[in-house]
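this is a predicted model, with the sequence first.
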Amino acid sequence: MGKHLLVIVVAVIAIVVAIVALLAANYYPAPSPGGGAGVYGGDEYGGGAPQQEATPAKSPERTVEIRLRDFSISPGTIRVSRGETVRFVVINEGNARHNFVIPALGVTIPSRGLLSNGDSAEATVTIDLEPGEYEVYCGPHRDIGMVAKLVVEG
Ligand SMILES: [Cu+2]
């Protein structure tokens, strides 16, 4: 009996040490690389816009919902106004894993990884673009036509 108790005590101590180590690792995160402002050309799989999290979030003027399906983006035409601040809420209603990329703004939602079925992610961005049409897409499925149009009105 005493030996069993000792084993349990050792196991509990090991678990506590592991938890403390994990917490410490999270508490002192590795310094993030400096937020270079450019669009990372050709980066379709997330990580396209690490600076978006560092940007002080303005309060959005409105919310735009983007629905990702297999393999389309709804709405196919997204209308925004130049200079406005928009909260994009991206919902994956498909079975494949998707994301939503606005290359003209250097924004990828989610900023890392892809959304699974039923998952959603959001980002608040200022439409700092000239009036015109800009392509937006799902990184993994752009080539099979999972694209939409961002129309910036002046
Ligand atoms: Cu996709």
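Sure thing, it's come through. Numbers count the residues shown, from 1 in each chain.

for stretch 95-112, give the mean pLDDT please.
Mean pLDDT, stretch 95-112: 98.

so which bits of that stretch are buried?
Neighbour-count burial for stretch 95-112, with 16 or more other Cβ atoms under 10 Å as criterion, is recorded at 96-111. Every residue, glycine included, has its C-beta placed from N, CA and C.

now do the contacts for Arg67.
Residues in contact with Arg67, defined by Cβ atoms under 8 Å, 6 or more residues apart in numbering, are 73-74, 91, 93.

try 7 Å this time
Shown in contact with Arg67 (Cβ atoms under 7 Å, 6 or more residues apart in numbering): 74, 91, 93.

just Arg69 next, same as before
The neighbours of Arg69, taking Cβ under 7 Å, 6+ apart as the test, are 93-94.

beta partners of it?
In this entry, Arg69 is beta-bridged to Ser72, by DSSP bridges.

against Arg82, how distant is it?
Relative to Arg82, Arg69 is positioned 28 Å away (Cβ to Cβ, to the nearest Å).

circling back: mind putting the contacts of Arg67 into a markdown table with distance to Leu115, secondary structure and neighbour count?
Rendered in a markdown table, the data for these read as follows (distance: Cβ to Cβ, whole Å; DSSP: H, G, I helix; E, B strand; the rest coil; neighbours: other Cβ atoms under 10 Å):
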| residue | distance to Leu115 | secondary structure | neighbour count |
| --- | --- | --- | --- |
| Ser74 | 14 | strand | 14 |
| Ile91 | 8 | strand | 19 |
| Glu93 | 10 | coil | 14 |
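
among these, which one lies nearest to the ion?
For the contacts of Arg67, the minimum distance to the ion (Cβ to the ion) is 11.2 Å, reached by Glu93.

who's in contact with the closest one?
Counting by Cβ under 7 Å, 6+ apart, Glu93 has contacts 67-69.

could you dump those residues to TSV with distance to the ion and pLDDT?
Listed next are these as TSV, based on distance: Cβ to the ion, whole Å; pLDDT from 0 to 100:
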residue	distance to the ion	pLDDT
Arg67	12	98
Leu68	6	98
Arg69	9	98
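
on the three-state scheme, the nearest residue to Asn117 once chain neighbours are set aside is what?
Counting by Cβ to Cβ, 6 or more residues apart in numbering, the nearest residue to Asn117 once its immediate chain neighbours are dropped is Asn95, at 5.4 Å. Using DSSP: H, G, I helix; E, B strand; the rest coil, the three-state assignment for Asn95 comes out as coil.
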